[in-house]
Structures are given as C-alpha cells and as structure tokens.
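# What follows is a predicted protein model with its sequence.
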Amino acid sequence: METCRAKSPRFHSSLPTIFLLVAIHVAAVVRADLSNISINYGDTGGSRTIYECEQCHRRKEQDISSTKVSNYPDEKDIDIIATYSGASGNIRLARMKMRDLSDSWMWENPISGDQEQQKNSPVLMESFQNGSRYGENPEQSVDEYYSGENGVKYPGTSSMSPVKIKRKMMRQERRKARAAELIQQDKETDNNIIAAAIERSEGFDTTIKGKYSIWRREYENPNSDSTLKLMRDQVIMAKAYAIIAKSKNKIDLYNALVKFPREIQHAIGEANSDAELHPSAFDRAKAMGHVLSLAKDQLYDCLLVARKLRAMLQSTEESVNTQKKRSAFLIQLAAKTLPRSLHCLPLKLAADYFLQGYHKKEMINNEKIEDRSLYHYAIFSDNVLATSVVVNSTVQNAKEPEKHVFHVVTDKLNFAAMRMWFLVNPPGKAVVEVQNIDDFKWLNSSYCSVLRQLESARIKEYYFKANHPSSLAVGSDNLKYRNPKYLSMLNHLRFYLPEVYPKLDKILFLDDDIVVQNDLTPLWSIDLKGMVNGAVETCKESFHRFDKYLNFSNPLISNNFSPDACGWAFGMNIFDLKEWKKRNITGIYHRWQDMNEDRTLWKLGTLPPGLITFYNLTYALKRSWHVLGLGYDPALNLTEIENGAVIHYNGNYKPWLNLAVSKYKSFWSRYLMFDNPYLQLCNIS
C-alpha cells in the first residue's frame, strides 16, 4: 500500500492553536479496476475530530466495514493521512482507515475527480492561508453549478449531501421570495408616497406665494419667529401671574406684570414674523422675562397657575364664539344690504321713466311674447343691474338672439326702473317683457299658502316683533332663515309658472345671480322623459342630499322621502309646463306648504319645498350646464367655470357686492355696460 503524505500548510501566526485544520491530502491504493476512483473531501462535521483512539477504531470497525463493503464490495483498505495542529501548536500527523471516515464523506465522479482535485488544491491552500473555513468560498466546490428542480442553478453544491443540497435550494428560494416581497413593498410604499404627494399638492392654495414640494411634507421650522412666539407667551403668562399677584396683595409685582405686557403688545403691533418686529422688541422681551422670573419665584404654584390658565382658556373660547356670531350677523347684513350705487340706479331710472314719459309707451313685439316656437325665459328679480347681466349674457352668447324672449317679473317698487332700463337699453333683437307681480290678482292669500301664512300672528312675531331675541342671543342659529327674501313672493313665484304663462309649453327659469356663457337653445330639445323639471344635481357623496334640507325625524318626511335622494339646484331649470299641469305640481306644493306652517318639516326657503314638490319628477342634466358655488366657494376649478354654460353665484358673496370673490368678478362684470350714462351717474364701475 502506497502512502502519499500531504505537505503541511502554512499557518497564520494569529490563528488560535486549537483551530483544527481540515486540510487533508489522501493517498489511496486500490486494485486495477478501482484505480480511477478518488475521494472527495467533504464536510468532516466540526463536532468530531478525525484522529481517534485505536480502541474506538476497533469497536466501530465491524459496523463501518459491513456498510462500506456492502456498498463498495471491490474496494481495498485505504490509508488516510490527516494533518492537524496539536494543543502545543505543533504540526502532527495521524493515520486512519477509509472505512473509519464519517458518512458525510462522499465519493466523487471518477472521471472528473482527479482534475477537480488538482484544481481545488491551490484554492484549498489559499483558503487556509486567508483564515477562512472550507466550503464558504463558492470557488472551492467541485462542480461549478447544480441545477434544481425549477431549473435554477446553485453554485458549489457537488460536494454536499442531497439533504444539504435540498436545504441550500430551499434557502435560495426563501431569499428570492423575501427579496421579491421587499421589492413589492418598496413599490407599494413608493406608490403610496406619490399618491399622498399628489393629493397634498391638489389641496395647496395657489393664491398664496410660497415654496411647495409634492414629494415631501414641509414642516415649519420650530425655531422660526421664536422671538415673536416668546413675546406672545410672555403676555399670556403675565396675565395669569397678574391675577395671582393681585389676589395675594403684591401690588408692585402686579403693576409690573400689567405694565410690561402693554409694552410687549405695543412692540408686537401687527407683526407676523420676527423680521417685522421693532428693533427694541427683543430688549423688551428680556425685561419681561426678568419680571416673569421674579413672579415665578414668588407666586408659582402648579395647581393655582393651571387653574388660572384654564379660566383664561374658557374666557377666550367664549370670546371667540361671540365673535363668530357677530361675524355671521355682519356677513348676512352686508350680503342683504343694498349698496349705495345699486340704490341710486333704480331711483334715477324710475325718475326718468315718469319725467320723460316712458310710462306711456307700450312694449313692442307683443306677438312674440306668446309664440311657442320661440325660446322663453323667466326671471323674477328686483335687482335691475343683476337682471341686465342675465339678459345681456344670454343674448350675446345666443346663435339666434331674435328667437329669445325674456319674461321679467319684479315688484311694484322696482317696476318702473326695470321697465325703463330695457326700454332705453334693448338687448338687440331679443324681446323683453317686464311685469309687475302686484298685477297678478289671482295671487292672493286665499290661493297662495305663503301669503296666507304671512297673515298669521306666529309668522309676524317670528319676523317682525320688535322685542324678538337679537342675532347675538340664543336662537340666532337660524338667522339666515329670517331673511326677507324667503317671504318675498318673487321667490315663491317659481311654483306658479303655468298660471303666469298659461300659453307656453316650456320655459327656462333663470335666477338673477347667474351668468350665461354658452348658447342655451339645446335645452329646449332635451327629452325630459316625462319629468317636469330638468336640473343639475348637486349631491357629492353625502353632501346636498335630502337629509340636509328636510327634517327626517318627522314621520311625514321619513315615510315619504329617502334621506339619500340627490338634491338639485334652482337657478337654471327647464320646466315642461304641459306635464306640470297634468301632474298638478302647484297643488302638491300647496299641500306641503300648508303642512309646514309651524316650520317643523323644513326651514323657510324655496329649495326644500322644491325638492319635495318635484320628488321623482326631476331629470338630471349634465353638470356642465350649471356650475354652482361662485358665491361662497373660493376654491372652485377655474377651467370648470370657464367651460360651464351657466355659472351661478349662489351664496352671500354676490358679484355686485364688495364681499364677492375677486377672481370670480370678471365673469360677471364683462357683461356690464360701464359706458352707460346711468351706471356712470351712479358711480358703478
């Protein structure tokens, strides 16, 4: 038996002497038919040393040989020389039989074994010199790749047992699955960040100058305007300590705590940042800080200070609520008060109407007023300027203005001015008829529910009693419902269209706070599918549905209507008057109006009874026909406004008031005739 001893490897001086070298060189002598078989040096199992006692060898010899011989019957005994480091650090050699090897040792391919052994030898020696464990470097494996069941190649696995190969395959699969999961999570996170950034960017108020980034949320620097914030906090603490000082009779400290806050407030003034503060503000803040330090030393008591601050907070909340009520009252007052220029216009027009003899003139083109082949509009208003804009904008955007007829109804006070305006300023080839609501003799308390209710003592007390609770007292939440417009018959006349225009089949109702931007003639050709009212729906998600306008706690409402039914808008409505008469719409309105005499079904107004009267009788028009919200919402989409056929200034911020949203004013003012002498005389510009 030939024995080939391996050369001792070089050891790094810093390696522990106990470290067991696994570098093994094997020399085997076999018979001629097994001369090409070589041994692959596999995992020796770190928990077992190769060198064992002879007694151990003898004890296991029979079991091992029986297993080995049964598997390899033609093999001879093989000597293996192992090189290792002893406890003293010296290189030592040991001889053992091949049959005594662990089962983790494997036979390698006899064809490629010699070549791979030669190939791996320098790599093996290099791995020891680098202090790495055998098997960690992929280059140490005999076969470069191993293909799994799914076709995936796993490097350096030919020297492993099938169990270890399977485990490595499973680890690779888990790593790939985890990597794919992490990549998916990263993608979802990126998508969420982008979506949140886009949503945040849509909420930016572009009218405010500033730097915005849709990719991150920009927080205010907590140190910005620190001096201003400090001074405001000093004022609050000074007020709290001043109350405590006065209660404890510390007059000098009380006077100082009262004096310095006044100076601080004077130094702050209208400043909103540190840059706007007076140069002496910082010195005053330091002096105030010294006074507060003395107050803290003498007066500070945690419970007492907390109690005082809580009392100040409650007082401030009450003050804020009072200011909100005053603000609501003033907004309502400003919205319903007639500006001086608009008050001037009807006075001048009415004076000239009688002085210049226009009251003797008759309206022209009377034959068109009842012509069913033309396009008829109904406008009920006491505002001359607003009505002129509605008529002018409609005519200017009409393709055939000569086919349009406007029926304007106003009250006795403004009848002369309204008629004078359209006599002096006729809208091209269109026809305008002006009527006085007081001339409708059929509109009386015996026929009209609203007029009958106005005669009741309860309604008179609600609206006209002098000692009624003020707008700032309890019960002022419904201040807007006490607006006189809800009592005006001009507002309720829309429920009597067949009586006002008995010879017409269809009519388009327009409010006086709208502007027409497109030709409206296609509305007359829309098939309402048996419905009476054609209108644009206003509900979005849970907003502007029936439960917002009606009292569903009352069984009369809850048993007859759905709270989720979609609301719609008065202001631009096409009415089929033939279907109206067939379904007795005015009678339905009267019945519900009588049931609401005590205002328990809905508050006053025309939209709630309109929703009830035309319930399941309203045909939904496209939203582009009627764009709402210009009288209360400053954040509307300008593109949507520009593309709207009719834009509506519903709300308190009417375009002829100073309250109006400035960026919406131009849509209305472009249809005013500023060169008109009456407008110049009343300084309307």
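Happy to help now that I have it.

# show me where the stretch 501-650 of the chain has strands.
506-510, 514-516, 533-535, 572-576, 618-620, 646-648 (DSSP state E, counting those that start in this stretch).

# could these go into CSV alongside distance to Cys344?
From N, CA and C alone the C-beta is placed, and that goes for glycine too. Converted to CSV, the strands of the stretch 501-650 of the chain look like this (distance: least, C-beta to C-beta, whole Å):
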stretch, distance to Cys344
strand 506-510, 25
strand 514-516, 23
strand 533-535, 36
strand 572-576, 30
strand 618-620, 40
strand 646-648, 26
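
# out of those, which comes closest to Ala177?
Ala177 lies closest, by C-beta to C-beta, to one member of those: strand 618-620, at 51.5 Å.

# Go through the closest one and flag the buried ones.
Buried residues in strand 618-620, counted by 16 or more other C-beta atoms under 10 Å: Thr618, Tyr619.

# and what of stretch 252-261?
For stretch 252-261, using 16+ other C-beta under 10 Å, the buried residues are Leu253, Tyr254, Ala256, Leu257, Phe260, Pro261.

# how many other residues sit next to the nearest residue in space to the fourth one that is not next to it in sequence?
Excluding its sequence neighbours, the residue lying closest to Leu257 (C-beta to C-beta, 6 or more residues apart in numbering) is Ala242, at 3.9 Å. Burial of Ala242 is recorded as 23 neighbouring residues (other C-beta atoms under 10 Å).

# For Leu423, list the residues it contacts.
The neighbours of Leu423, taking C-beta atoms under 8 Å, 6 or more residues apart in numbering as the test, are Tyr358, Lys361.

# On the pLDDT front, check it for me.
For Leu423, the pLDDT comes out at 92.

# can you list contacts of stretch 544-558?
So stretch 544-558 is contacted by 538-539, 561-567, 595, 600-602, 607-608, 611-612 (C-beta under 8 Å, 6+ apart).

# same check, this time on stretch 622-633
For stretch 622-633, using C-beta under 8 Å, 6+ apart, the contacting residues are 513, 523, 535-538, 569, 571-572, 636, 640-641, 643-655, 660-661, 664, 667.

# then that stretch to PDB, C-alphas only?
As requested, the backbone C-alpha atoms of stretch 622-633 are provided in PDB (Å, rounded to 0.1, in the frame of the first residue of the first chain):
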ATOM      1  CA  LYS A 622     -75.200  67.300 -17.300                       C
ATOM      2  CA  ARG A 623     -73.100  69.200 -14.800                       C
ATOM      3  CA  SER A 624     -71.600  71.400 -17.400                       C
ATOM      4  CA  TRP A 625     -74.900  73.100 -17.900                       C
ATOM      5  CA  HIS A 626     -74.900  74.700 -14.500                       C
ATOM      6  CA  VAL A 627     -71.800  75.400 -12.300                       C
ATOM      7  CA  LEU A 628     -72.600  76.400  -8.800                       C
ATOM      8  CA  GLY A 629     -70.700  77.800  -5.800                       C
ATOM      9  CA  LEU A 630     -69.200  81.100  -7.000                       C
ATOM     10  CA  GLY A 631     -71.000  82.900  -4.200                       C
ATOM     11  CA  TYR A 632     -69.400  81.000  -1.400                       C
ATOM     12  CA  ASP A 633     -66.500  78.700  -2.500                       C
END
